[in-house]
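> test case, fold it:
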Amino acid sequence: MFAALDEQQCPRHPTISTRLRCSKCGTPICPRCMVETPVGFRCPSCAGLSGLAWSDVPTRLLLRAGLAGLLVAVTVGWLWSRAPAWQFYLALLLGFGVAEAIAWAARAQRGVALQILGMICVALGLLLSRLFLLGRAGLSLAELVTHLGETRLWALLQLRPLPDLLFVALALLIPFVRFRVRR
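Next up, the predicted model:
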């Protein structure tokens, strides 16, 4: 009834043998180049991928995604200012929260524009957490600038160089990975 498909070389990755085929044109595809679409797996050509597009996401969805990401960033930034000792968990919450809110608002699309939007929202959440901490301490931005090098200010803002850089990198990496285009 069904003919067995012979293994063939993937035209994009000649070192990989595959039995998978594009659901539109029938070209052999491997797991590295297949693109999941609502109607099955397709080759990059049939899926409409011609390299990394800046934005295949409609502007309306980008705005919606930006608002959703910003809402999560502000909320987690405020929470972070209230519980600064929970930095690791709040970095995860910020990264995953922003990424998933944007994915929901953009209807699970991917792309460079969503990566950048997610990373901007995460960076804003991190910045807001520190500004909220300043507000709780009763300091203004002018006082921050004049006392920038003081150890007391670093302690007040809960800044420790190595862990903070790791947490920032972790939070920024989450939306970057979540919205990358698979090839």
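> report pLDDT for the closest residue to Gly135 other than its chain neighbours.
With Cβ to Cβ, 6 or more residues apart in numbering as the measure, Ser81 is the residue that lies nearest to Gly135, at 7.7 Å, once sequence neighbours are left out. (Glycine included, C-beta is placed from N, CA and C.) With respect to pLDDT, Ser81 scores 86.
> Ser81 sits in which helix or strand?
In this structure, Ser81 sits in helix 59-82 according to DSSP states H and E.
> contacting residues around the nearest residue in space to Cys46 that is not next to it in sequence?
Spatial nearest neighbour of Cys46, chain neighbours left out: Lys24 (4.1 Å); criterion: Cβ to Cβ, 6+ apart. By Cβ atoms under 8 Å, 6 or more residues apart in numbering, the contact list for Lys24 reads Val39, Arg42, Cys43, Cys46.
> next, the residue lying closest to Cys22 once chain neighbours are set aside: phi, psi?
Nearest in space to Cys22, with sequence neighbours left out and distances taken as Cβ to Cβ, 6+ apart, is Cys43 at 4.1 Å. The phi and psi values for Cys43, taken as degrees, to the nearest 10, are phi -70, psi 160.
> could you do Thr18 as well?
The main-chain torsion angles of Thr18 are listed as degrees, to the nearest 10 and equal phi -150, psi 150.
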